[in-house]
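# here is a sequence together with a model predicted from it:
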There are 2 protein chains.
Amino acid sequence: MFNLDPALTALHGAPSPDERSAIGVLGGLGPYAGLDLVRSVFDETEASHDQEHLPVTLVSYPGRIPDRATWLADETAPSPLPAMLEVLRRLDDAGCSVVGIPCNTAHAPALYDRLQDGLDADGREITLVHIVDAIVARVGEVAPKATTIGVLATTSSIENRLHEIGLEAAGFHAVVPDATHQAAVQNAIYGPRGLKAFSAPPLPEARDALLSASRALIEDGAQAVILGCTELPLAVPEADHGGVPFVNSTRALARALIRATHPAKLRRGHGR
Amino acid sequence: MFNLDPALTALHGAPSPDERSAIGVLGGLGPYAGLDLVRSVFDETEASHDQEHLPVTLVSYPGRIPDRATWLADETAPSPLPAMLEVLRRLDDAGCSVVGIPCNTAHAPALYDRLQDGLDADGREITLVHIVDAIVARVGEVAPKATTIGVLATTSSIENRLHEIGLEAAGFHAVVPDATHQAAVQNAIYGPRGLKAFSAPPLPEARDALLSASRALIEDGAQAVILGCTELPLAVPEADHGGVPFVNSTRALARALIRATHPAKLRRGHGR
């Protein structure tokens, strides 16, 4: 026999198939949201023992990535772009073929398009999976008959119409919170007692504010409610609000990453 | 002004202090145990917003790393060594200064010492933090008066006396399960309904077997019980067993990694 150890062959020869299709996670936006995406990839994978799980690399360097919403509102503030691009290059160097960014706000065109431009300028072929595409695909899975979709997200995402544009392009009608509820949602994320400060565990008041805003969206006709900020499922982990499905953007992104790399391993009929 | 953007300076100049002290996690052994170590690093860090969290890179390539216990019992079985060394090299290349391996079994000298030898042969300076050293340090924190310590671990670790040797070197008396309880602990990890197959969530019978073995150790005089396999806290997340502290090996390793890189950020008086 020429090779007793298949792992050795894989390491010293060409990259193994496993390696070429690794999933990258640009984490730290925030740290727990990055972790939640990795966990969702594991949870959404058909696997009965360790070795059947998918290859994932997480780079979580929160100290180097200034807040996205602050910079989107004022481009003279410290930019998250260089550090995010550097992490993407590392994930590419580490053999990842696709990357998920578990931060809805970072998908605003003023930021996301420049990340893609930066990768293109470098000649990098790593594929970014857009979280809004993943969410729209997931709406079709969890609420196949829904036509009106509610959106809970940061004020930055709402002002940029990030989810609305994607939903409308796919033929949905989008509803967003009124100014009072939106301020409460934003406070539940960024406030001194919000999810960015207290995520493990979150404080009950953050959860209450999110459920109250969700209820108002349902009263406005929403037949599904998007949790369109990766911090939100940390406080609202359940699958639905009184029978109206939540669409968890982290889980949607996890499923899109698996579908893009190992479609046969995508768990069926599970989760939100 | 020469540089409007501090992040840009950090990226194109020397590595930032943040970067030089990144924590690496050799994950995939199993996947959820790797995730649990990253979460424990976050949980044990003093931080009030995203940017205060520590830099962490997780590489979880379970498909390339054969089972450690199987190889330790029979070195003609597929070896986990080459793939584990390759992940360690990657974590070094990615700027990590220390690495934790969230798998107690992998710290058996026959495996761990060869990982260290491989790094030395490469001239790599990245530091491996030994999980048993971390556990012994943690015993002193959670049970400062204890002299007799119980060990729950894989049969491989028990047969290698992995934890016992470390505990005895530090002046403790170690107690381990009898053959019947040890078989039940092993089954709770590796059995068809054990934690390697069902970790999210674990099945109640795995938890029951672990608590029953723990109770027997306490009856044998244990004043603290080490959860000496990183799968175990997935089924036994609580801090103590009727007042006798559990020492969670994952949390102990997380604290040792923070202490080795950012001691001022180590959370005080928290967790197990």
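Now that the structure is in, tell me what you want to look at.

# in chain A, what helix or strand scores lowest on average pLDDT?
Within chain A, confidence by mean pLDDT, DSSP states H and E is lowest for helix A:6-12 among all helices and strands, at a mean of 36.

# where does residue A:192 sit relative to residue B:47, distance-wise?
In this view, residue A:192 and residue B:47 are 14 Å apart by C-beta to C-beta, to the nearest Å. (Glycine included, C-beta is placed from N, CA and C.)

# what does residue A:255 give?
With C-beta to C-beta as the criterion, residue A:255 and residue B:47 are 30 Å apart.

# so for the two, which sits in the more crowded spot?
Shown here are residue A:255 and residue B:47; by other C-beta atoms under 10 Å in any protein chain shown, residue A:255 has more neighbours (25 against 18).

# spell out the secondary structure type for the more buried one.
Of the three states, residue A:255 takes helix according to DSSP: H, G, I helix; E, B strand; the rest coil.

# how many other residues sit next to the closest residue to it other than its chain neighbours?
Among residues not flanking residue A:255 along the chain, residue A:44 sits closest, at 5.3 Å (C-beta to C-beta, 6 or more residues apart in numbering or on different chains). A count of nearby residues for residue A:44, using other C-beta under 10 Å, gives 22.

# backbone dihedrals for residue A:44, please?
With angles defined as degrees, to the nearest 10, residue A:44 sits at phi -90, psi 10.

# my guess is it contacts residue A:251. True?
Yes: counting by C-beta atoms under 8 Å, residue A:251 is a contact partner of residue A:44 at 6.8 Å.

# mind checking the SS state of residue A:112?
With three-state DSSP as the basis, residue A:112 sits in helix.

# which ones are touching it?
Going by C-beta atoms under 8 Å, 6 or more residues apart in numbering or on different chains, residue A:112 touches A:101, A:106, A:128, A:130.

# for residue A:109, the count of nearby residues, please.
Residue A:109 has 12 nearby residues by other C-beta under 10 Å.

# repeat for residue A:62
24.

# got the phi/psi numbers for it?
Per-residue torsions, residue A:62: phi -60, psi -30 (degrees, to the nearest 10).

# ditto for residue A:227
Note on residue A:227: its backbone torsions stand at phi -90, psi 90 [degrees, to the nearest 10].

# list the contacts for it?
Residue A:227 makes contact with A:152, A:233, A:236, A:246, A:247, A:248, A:249 under the criterion C-beta under 8 Å, 6+ apart.

# what packs against the host helix or strand of the fourth one?
It stands for residue A:246. Element membership for residue A:246, per DSSP states H and E: strand A:244-248. With contacts taken as 3 or more C-beta pairs under 8 Å, 6 or more residues apart in numbering or on different chains; DSSP states H and E, strand A:244-248 sits against helix A:131-142, strand A:224-227.

# what lies in contact with that strand?
With contact meaning C-beta under 8 Å, 6+ apart, strand A:244-248 is reached by A:40, A:135, A:138-139, A:142-143, A:146, A:149, A:214, A:218, A:222-227, A:233, A:236, A:238-240, A:271-272.

# can you pull the domain assignment for chain A?
A:6-130+A:253-265, A:131-249 (automatic domain parsing).

# export those domains as a markdown table, with columns for distance to residue B:259.
Shown next, in a markdown table, are the domains of chain A (distance: least, C-beta to C-beta, whole Å):
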| stretch | distance to residue B:259 |
| --- | --- |
| domain A:6-130+A:253-265 | 18 |
| domain A:131-249 | 20 |
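
# circling back: pairing partners for the strand holding residue A:246, with directions?
The pairing partners recorded for strand A:244-248 under DSSP bridges are strand A:224-227 (parallel), strand A:240-241 (antiparallel).

# what about it, distance to the chain center?
Remark: strand A:244-248 is offset 15 Å from the chain centroid, using C-alpha atoms, centre = their mean, to the nearest Å.

# quick one: mean pLDDT for it?
Averaged across strand A:244-248, the pLDDT comes to 97.

# please apply the same query to stretch A:224-236.
Mean pLDDT, stretch A:224-236: 94.

# roughly how far out does that stretch sit from the chain middle?
Its chain's C-alpha centre and that of stretch A:224-236 lie 10 Å apart, by C-alpha atoms, centre = their mean.

# now stretch A:127-139
How far stretch A:127-139 lies from its chain's middle: 8 Å, per C-alpha atoms, centre = their mean.

# so which bits of that stretch are buried?
Buried residues in stretch A:127-139, counted by 16 or more other C-beta atoms under 10 Å in any protein chain shown: A:127, A:128, A:129, A:130, A:131, A:132, A:133, A:134, A:135, A:136, A:138, A:139.

# could these go into a markdown table alongside distance to chain B and pLDDT?
Below are those laid out as a markdown table (distance: C-beta to the nearest C-beta, whole Å; pLDDT from 0 to 100):
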| residue | distance to chain B | pLDDT |
| --- | --- | --- |
| A:127 | 19 | 96 |
| A:128 | 19 | 97 |
| A:129 | 18 | 98 |
| A:130 | 22 | 98 |
| A:131 | 18 | 98 |
| A:132 | 22 | 98 |
| A:133 | 25 | 97 |
| A:134 | 20 | 98 |
| A:135 | 22 | 98 |
| A:136 | 27 | 97 |
| A:138 | 20 | 97 |
| A:139 | 25 | 97 |
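
# any chance of the residues you listed in CSV, plus distance to residue A:121?
Shown next, in CSV, are those (distance: C-beta to C-beta, whole Å):
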residue, distance to residue A:121
A:127, 16
A:128, 14
A:129, 20
A:130, 19
A:131, 23
A:132, 23
A:133, 23
A:134, 25
A:135, 28
A:136, 28
A:138, 31
A:139, 33
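
# and which of the contacts of residue A:227 is nearest residue B:265?
Nearest to residue B:265 among the contacts of residue A:227, counting by C-beta to C-beta, is residue A:233 at 26.3 Å.

# contacting residues around the one residue sitting closest to the centre of chain A?
Nearest to the mean C-alpha position of chain A, counting by C-alpha atoms, centre = their mean, stands residue A:102 at 3.4 Å. Residue A:102 makes contact with A:25, A:26, A:27, A:29, A:33, A:34, A:36, A:37, A:131, A:230, A:250, A:253, according to C-beta under 8 Å, 6+ apart.

# Three-state assignment for it, please.
coil.

# apart from its neighbours in sequence, what residue is nearest it?
Here the residue nearest residue A:102, using C-beta to C-beta, 6+ apart, is residue A:37, at 4.0 Å.

# so how far is the helix or strand where the one you found lies off the chain centroid?
Element membership for residue A:37 (DSSP H and E) is helix A:31-43. Put simply, helix A:31-43 sits 9 Å off its chain's centre (C-alpha atoms, centre = their mean).

# and the stretch 151-272 of chain A, which residues reach chain B?
A:196, A:197, A:200 (C-beta under 8 Å from any C-beta of the partner chain).

# so the last one makes contact with residue A:30?
No: Residue A:200 lies out of contact with residue A:30 (C-beta under 8 Å); the separation is 10.6 Å.

# so the two - more neighbours on which side?
Taking other C-beta under 10 Å, residue A:200 and residue A:30 do not tie; residue A:30 has more neighbours (29 against 12).

# for the more buried one, give me its contacts.
Counting by C-beta under 8 Å, 6+ apart, residue A:30 has contacts A:62, A:196, A:199, A:231, B:50, B:53.

# let me see the ranges of the strands in the stretch 101-250 of chain A.
In the stretch 101-250 of chain A, strands defined by DSSP state E, counting those that start in this stretch lie at A:127-129, A:148-152, A:173-175, A:224-227, A:240-241, A:244-248, listed in chain order.
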